[in-house]
Each structure stands twice: as structure tokens, then as C-alpha cells.
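*Asks:* can't give you the sequence, but here's the structure:
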């Protein structure tokens, strides 16, 4: 019998990447000549593709240079943001446990070229059957499309998706698979419940049991 599968988000689910991402956002805005408020919390920008959110920030200065801002963000992230990550408590044990019984696939809005070295540096890459994210041509900027591609390309018949933001839950719904909410991430329980997560967890240690129940292991 084919093993059940789990599609896992990265930022806010496996890792707390806020320090590196926010520093790269601030640096990108400064590169374009803006002075973001030092006290502003940019956590709300973490999760969706940067192209979808940074334009709203630029609009404050009547600046429509979205692509330039994204390019500067990614250049800065390459230079110093990649190392600003830490695994959430309990997530490594959870992933290692799940890898024994499930096929794991990364399904992230982060560029694949960033996601691969992050998982390699954390020692998690060998546990994943596939590491997939957005690409420079934009074809996987919609997480539902990316999830569908992973499911179809690997002929997955039993799968769930775990993530911390509404985009993850919507992607699971669009592909008719269980949506497991990572309540320890950036979206929070209220957002995950509002968008209809199948279950919302409070700690990463709960993930293996929740996944096994969701995909009828």
C-alpha cells in the first residue's frame, strides 16, 4: 500500500523565520529610499509570496516599484536572511517521527532555491521526499496550484497539508485534503479556525498524531 503523505509549510510551521525575513523587508524598503517605522511589526507579511504583500506597504509612499522591492528583498535575504531561522520546539522530533510512516513534501511560498539550503542547514532535508516552493517564473505563486502539482506529480492518494496561515488552509480545501493548522505559527488559532482548518494544534509535538488521524493511517 502507498504510504500516506504530508505536505508541510515552512515559515511559521517548521521554522520561525521572522528575524531574517523582517530584516530583509526593512532593508529592501530602505534600498528604495523609504524609512519604515522601527516599531512596526511586519509579521503579517510572512506566509504569502512577497509579490502579493509588499505592494501594500509601498503604497504608503505612493511607490509602485513592487518588482524592484521584491528583487531587493530576495537579494538581501540571500545575503543575510537565510540564516535567521530556528526550528520551533518539538518540530524536529515530530518531522522525524512522521518520516518513518509518511512521505513528506515541503510546500512553501518561499522560493525553492531558498527552501532547499534552509532544510539542509537544519538537517531536515533527507527526511523529505520532495522540497517544493515558488519559482522565478511565478508558476507556483498560488499555493493551491503548488499543492495540486505535488499531489498529481507524485500520484498521492492519501495526503494532508499542515500550515500556519489561511493560504495553507485554502490550498488544502482547494485540493480536497485535510488542513492541519499550526497554531504556534504566525497566523494564530483565530485565523486558522476562521478559515476552516480541520484541526488546529497548539504545539508541534501534537503533529504526528493529528496527521495520522487526518489521513487514516
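*Replies:* Yep, it's here. From a predicted model like this one, the values you see are computed outputs, not experimental measurements. Numbers count the residues shown, from 1 in each chain.
*Asks:* switch to C-alpha atoms for all contacts and neighbour counts from now on
*Replies:* Noted.
*Asks:* what sits against residue 44?
*Replies:* Listed by CA atoms under 8 Å, 6 or more residues apart in numbering, the contact set of residue 44 reads 186, 187.
*Asks:* Pop out the phi and psi values for it.
*Replies:* The phi/psi pair for residue 44 (degrees, to the nearest 10) reads phi -60, psi -20.
*Asks:* Show me how far the biggest strand by length in the chain is from its chain's centre.
*Replies:* In the chain, assigned by DSSP state E, the strand with the most residues is strand 103-111. Centre-to-centre, strand 103-111 and its host chain are 7 Å apart (CA atoms, centre = their mean, to the nearest Å).
*Asks:* would you say residue 71 is within a helix?
*Replies:* Yes. Assessed by DSSP: H, G, I helix; E, B strand; the rest coil, residue 71 belongs to a helix.
*Asks:* Report how many residues lie close to it.
*Replies:* Neighbours of residue 71 under the rule other CA atoms under 10 Å: 14.
*Asks:* Can you tell me how far it is from residue 157?
*Replies:* Distance of residue 71 to residue 157, given as CA to CA, to the nearest Å: 37 Å.
*Asks:* and if you look at residue 117?
*Replies:* Distance from residue 117 to residue 157, by CA to CA: 29 Å.
*Asks:* cool, and residue 34?
*Replies:* Relative to residue 157, and taking CA to CA, residue 34 is found at 48 Å.
*Asks:* go on, residue 164?
*Replies:* Taken as CA to CA, the span from residue 164 to residue 157 is 23 Å.
*Asks:* So the two - more neighbours on which side?
*Replies:* residue 164 (31 against 13).
*Asks:* so what's the more buried one up against?
*Replies:* With the criterion set at CA under 8 Å, 6+ apart, residue 164 makes contact with 9, 12, 13, 181, 182, 183, 184, 185, 186, 187, 188, 192.
*Asks:* Just send the residues you listed back as a markdown table, with distance to residue 149 and neighbour count too.
*Replies:* Shown next, in a markdown table, are the contacts of residue 164 (distance: CA to CA, whole Å; neighbours: other CA atoms under 10 Å):
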| residue | distance to residue 149 | neighbour count |
| --- | --- | --- |
| 9 | 15 | 26 |
| 12 | 22 | 24 |
| 13 | 21 | 26 |
| 181 | 21 | 32 |
| 182 | 22 | 29 |
| 183 | 26 | 24 |
| 184 | 27 | 21 |
| 185 | 25 | 22 |
| 186 | 25 | 21 |
| 187 | 24 | 22 |
| 188 | 27 | 19 |
| 192 | 23 | 27 |
